[in-house]
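Student: could you look at this predicted model? Sequence included:
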2 protein chains.
Amino acid sequence: MMLSEYLSAEMGRVDQHSALPLHRKLYEALRRAMLDGKLVAGERLPSSRDMANDLSVSRNTVVSAIGQLSVEGYLVSHVGSGTFVSDNLPRAMVRPRSRNTAQRPQLSHRGDALVSQFSASTLEVQPFTPGITDFSAFPVALWQRLQNKHWRMTYPDMLDYSASGGYAPLRRAVADYLRVFRSVQLEPQQVIITSGTQQSLTLCAQLLADHGDTVWVEDPAYWGAVKAFMATGLHLHPVAVDDEGIAPSAHDEAHTPRLIYVTPSHQYPTGAVMSAQRRQHLLDVARHHKAWVLEDDYDSEFRFSGPPISSLEGLDKDERVLYMGTFSKVLYPGLKLGYLVVPKELVSPFNQVHYDLNRPGQLPLQAALAEFIDMGHFASALRRARVSYAQRRECLLEALRVCLGGAVHVSGAEQGLHLCLRLPATVDDQALAQRIARAGLTARPLSGYCLQRTDLSGLVIGYGYASLADIRTHGPLLARLIEQALAGNSSVTAPRVR
Amino acid sequence: MMLSEYLSAEMGRVDQHSALPLHRKLYEALRRAMLDGKLVAGERLPSSRDMANDLSVSRNTVVSAIGQLSVEGYLVSHVGSGTFVSDNLPRAMVRPRSRNTAQRPQLSHRGDALVSQFSASTLEVQPFTPGITDFSAFPVALWQRLQNKHWRMTYPDMLDYSASGGYAPLRRAVADYLRVFRSVQLEPQQVIITSGTQQSLTLCAQLLADHGDTVWVEDPAYWGAVKAFMATGLHLHPVAVDDEGIAPSAHDEAHTPRLIYVTPSHQYPTGAVMSAQRRQHLLDVARHHKAWVLEDDYDSEFRFSGPPISSLEGLDKDERVLYMGTFSKVLYPGLKLGYLVVPKELVSPFNQVHYDLNRPGQLPLQAALAEFIDMGHFASALRRARVSYAQRRECLLEALRVCLGGAVHVSGAEQGLHLCLRLPATVDDQALAQRIARAGLTARPLSGYCLQRTDLSGLVIGYGYASLADIRTHGPLLARLIEQALAGNSSVTAPRVR
């Protein structure tokens, strides 16, 4: 059988799952061709033009599918000679060599725990996957122009490590933005450019807490933070979240925190906004325990209604709040630039240890970003994104309307890139999420974010990645699956089952 | 007094320290002008052209000095409107707000230890500073072309995080290089692209060791690794190094290691090459203790004489060696790309945890690097660098010849970017290093790298950053200062004292 026939047949089979975009179908078909041995290691693929003709799809579809397979290591492109099947099998197919296993050391307990807990790397990127954004609109040409400009001006210092908290104009631009839009009180030297929130959190844990110290985390929680604290040896104490955010009880206060990690503007994942009273209380509790507060303001750029929520840092009278944010949601994730705002007296130790442990760099990229912000492109990207995400959010809410009522309601839709659909605790949200996955969509079970509590059921549904068209097409299906679950009708077959 | 008069006067004063290049003198004069209040916050600097005319220096000199001050946050450039004095004082001048200090929490013990130990961020970059390279010859225009090409082809996936160990063609290129040149046995999927050796070491410590587990480190040691292990809670057990590398004794074996960190090709900082017998012994010891071996091959690209030293990994029969390297020495430090080679059975857990903890990205940069390697530019950059560093090394050895003899000898000059001058233990190498610093040069005292032992004296002298001209000019001064120290003549004034 010709390759194109095989691929057409496979795409047809996958076609039953009509939620998949065309390039994803081709991706699946090509992947299967390799796993089935139809395409063997080292084999050259037809050109994207030929493949597009043979399969009657657009060349973009082919390029996109090949791109994904290249990123994942299935295919390799050689300039001028084409694209080849990697002669290395994907890692799932690798078996360890069998000799000497008895003598071989193992992962540490820490390593085992880090591996066995929930992992973001296994997630399918599909309509409604939360936590990811649509960066297809990123102005690549403009960005390239800015990068080029700074590469042309590059003096050697720009190619070196950065010992002083980052590129100064970028720190100033971040400070200006945070002062105006987030009511953060700061001088530019308090801004430390990091490779993102994971690095910001890790630095805080390393410098401000010792192994075995207690960190309060919200329950349910953002898993990236939980992992960072696990990796730095902290004892996790989950504190339940209600509609006003983190709500420490007397029981919680018996577990003296050294760090308190919160997402006050838009609790992840419930979306609760921390009330003013609760904010003051949290700062009082922190003062009482001499704890540091880590404020993760991960998506406050995307607020759709109501007044902007001020930062917790802005209320802080005694410099115990460390504030962090990221550029990955407005620009693109792989940029790997974020920021951490520390109290003045921490600037010097944080900069020093950040340098010693991480050797920060990427100054030309930081320079391009500083200019992107200074020239107003960041603000316009943000404006465009806000409009686009607001439409998606509306469309998703509209689709979900049929499910709402009684114990079923939406939380956290005023801001961000996801909303949280709250379900009666009797609904098995994990089973529901699996049925949704079988339909080619992804929504995460709320209970999957819970550390300790067992009273929550719901779905965390993202609209940052799904296009408006996707939401229009697949929103009703999602709603139907939810309705079925609510009706206790879990034995009804989902419209499309693999 | 006019600014230009002040700057000329200051440059004249600094001029007594004739080891400083002109741009560094101007840098010092400008910095002093700001600290003295001659240039005040928000003030606009004259254009670089005007300043160059007024001071009778080249415009390049002005641009370089301003560049450095911008990187350090003293100056800020606004496109189209010029360069201004930052209205933020450098961090050394910042005083903490005084209120509520009693209630303010402190750094953790871990944080204190990380801050108070030796820090690379405080080092002056001057002739003979070890550990840094000359990246002024980096082919910026070519690099920019490659980056542009990949930005033009960029499909959205390239802007996302990288969940699968890095950009596949880069992993393949690294695997090809290591198989051929370093005798590392590997498949491309065993290569994990990291942000450099610090991240590679941290991942290993997180996944393979628990808090309190013992890691053997060489004594003297590479401080970056020591800090990474401190940050991850490991117990450091120093093992003395001799002329054949790490030499574990029966006493050492009583401290069962979970990890063994070594630099076998060119011990940092002594430069010892681990002998074949010692390598086999180390692997036996590791097997006996079920320990993992971390091989840091930080500068093996630069071998000047004798046969290439094979990797320890190449001798490993039971997959217990993890091998790491970096691109920062051949390309430029701020690139922040390195690699970690793990045994096959660790590929999946390392990729997963790397993704969960670090969210790796920078795929367009990885793509540019892959092509840079595939097209042979990496090999030519390496060839050029080898020739250039070999000349510098010769010149430095020539200058130091007058000091050699008796207990004074050079170790580790066959490879790398630094050599180690061994001195009699009676010589106070810290005092000598201080006198060298007062002369405007930097060499690090060997005793400063020692964790436990007190029998070593010497100087770690870098030729990666100093140009051939610098070495010709300042090498004899360096040798003179060493001779004085050897003569016990430490009261003789160095030629130029601040």
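Tutor: All right, it came through fine.
Student: after the helix or strand bottoming out on mean pLDDT in chain A, which helix or strand is next?
Tutor: None of the helices or strands of chain A scores lower by mean pLDDT, DSSP states H and E than strand A:75-78, at a mean of 76. Downstream of strand A:75-78, the next assigned helix or strand under DSSP states H and E is strand A:82-85.
Student: tell me which residues in the helix or strand following that next one are buried?
Tutor: Using DSSP H and E, the helix or strand that directly follows strand A:82-85 along the chain is helix A:109-116. Using 16 or more other CB atoms under 10 Å in any protein chain shown as the test for burial, helix A:109-116 gives A:Arg110, A:Gly111, A:Leu114, A:Val115. Every residue, glycine included, has its C-beta placed from N, CA and C.
Student: before we move on, back to that, run me through the strand neighbours of the least confident helix or strand of chain A, direction for each.
Tutor: Paired neighbours of strand A:75-78 in the sheet (DSSP bridges): strand A:82-85 (antiparallel).
Student: show me what counts as buried in the strand it pairs with.
Tutor: Of the residues in strand A:82-85, those buried (16+ other CB under 10 Å) are A:Thr83, A:Phe84, A:Val85.
Student: now do stretch A:152-160
Tutor: For stretch A:152-160, burial by neighbour count (16+ other CB under 10 Å) applies to A:Thr154, A:Tyr155, A:Pro156, A:Asp157, A:Met158, A:Leu159, A:Asp160.
Student: please list the members of those that lie in strands.
Tutor: Using DSSP state E, the subset of those located in strands is empty.
Student: can you lay out these as a markdown table showing pLDDT and distance to B:Ser47?
Tutor: Shown next, in a markdown table, are these (pLDDT from 0 to 100; distance: CB to CB, whole Å):
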| residue | pLDDT | distance to B:Ser47 |
| --- | --- | --- |
| A:Thr154 | 66 | 20 |
| A:Tyr155 | 70 | 17 |
| A:Pro156 | 74 | 22 |
| A:Asp157 | 78 | 20 |
| A:Met158 | 84 | 20 |
| A:Leu159 | 86 | 25 |
| A:Asp160 | 85 | 25 |
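Student: filter those residues by proximity to chain B?
Tutor: On the criterion CB under 8 Å from any CB of the partner chain, A:Thr154, A:Tyr155, A:Pro156, A:Asp157, A:Met158, A:Leu159, A:Asp160 are the entries of these that sit beside chain B.
Student: which pLDDT value belongs to the residue most central in space within chain A?
Tutor: Nearest residue to the geometric centre of chain A (CA atoms, centre = their mean): A:Gly131, 3.8 Å. Listed pLDDT for A:Gly131 reads 78.
Student: thought it was touching A:Gly462?
Tutor: Yes - A:Gly131 lies in contact with A:Gly462 (CB atoms under 8 Å); the separation is 6.3 Å.
Student: identify the contacts common to the two.
Tutor: Counting by CB atoms under 8 Å, 6 or more residues apart in numbering or on different chains, the common neighbours of A:Gly131 and A:Gly462 are A:Leu417, A:His418.
Student: what packs against the helix ranked longest in chain A?
Tutor: In chain A, taking DSSP state H as the definition, the longest helix is helix A:377-400. In terms of contacts (3 or more CB pairs under 8 Å, 6 or more residues apart in numbering or on different chains; DSSP states H and E), helix A:377-400 is packed against strand A:418-423, helix A:468-486.
Student: now do 7 Å
Tutor: Here helix A:377-400 touches helix A:468-486, going by 3 or more CB pairs under 7 Å, 6 or more residues apart in numbering or on different chains; DSSP states H and E.
Student: same question for the helix it packs on: list its buried residues.
Tutor: Residues of helix A:468-486 classed as buried by neighbour count (16+ other CB under 10 Å): A:468, A:470-471, A:474-475, A:477-482, A:484-486.
Student: swap in stretch A:225-242?
Tutor: Residues of stretch A:225-242 classed as buried: A:225-234, A:236-241 (neighbour count, 16+ other CB under 10 Å).
Student: now do stretch A:189-203
Tutor: A:189-203.
Student: how about that stretch, does it reach chain B?
Tutor: Yes - interface with chain B: stretch A:189-203 contributes A:Gln189, A:Ser195, A:Gly196, A:Gln198 (CB under 7 Å from any CB of the partner chain).
Student: for stretch A:24-36, same thing?
Tutor: No - Stretch A:24-36 is not in contact with chain B by CB under 7 Å from any CB; minimum separation 10.5 Å.
Student: what sits closest to the closest residue to chain B within the stretch 201-350 of chain A if chain neighbours are left out?
Tutor: Taking CB to the nearest CB as the measure, the stretch 201-350 of chain A has A:Gly334 as its residue closest to chain B, at 3.2 Å. Leaving aside its sequence neighbours, A:Gly334 sits nearest to B:Gly361 (CB to CB, 6 or more residues apart in numbering or on different chains; 3.2 Å).
Student: give the contact list for the residue in the stretch 351-498 of chain A that chain B sits nearest to.
Tutor: Nearest residue of the stretch 351-498 of chain A to chain B: A:Gly361, at 3.2 Å (CB to the nearest CB). Neighbour list for A:Gly361: A:Tyr161, A:Ser162, B:Pro333, B:Gly334, B:Leu335, B:Lys336 [criterion: CB atoms under 7 Å, 6 or more residues apart in numbering or on different chains].
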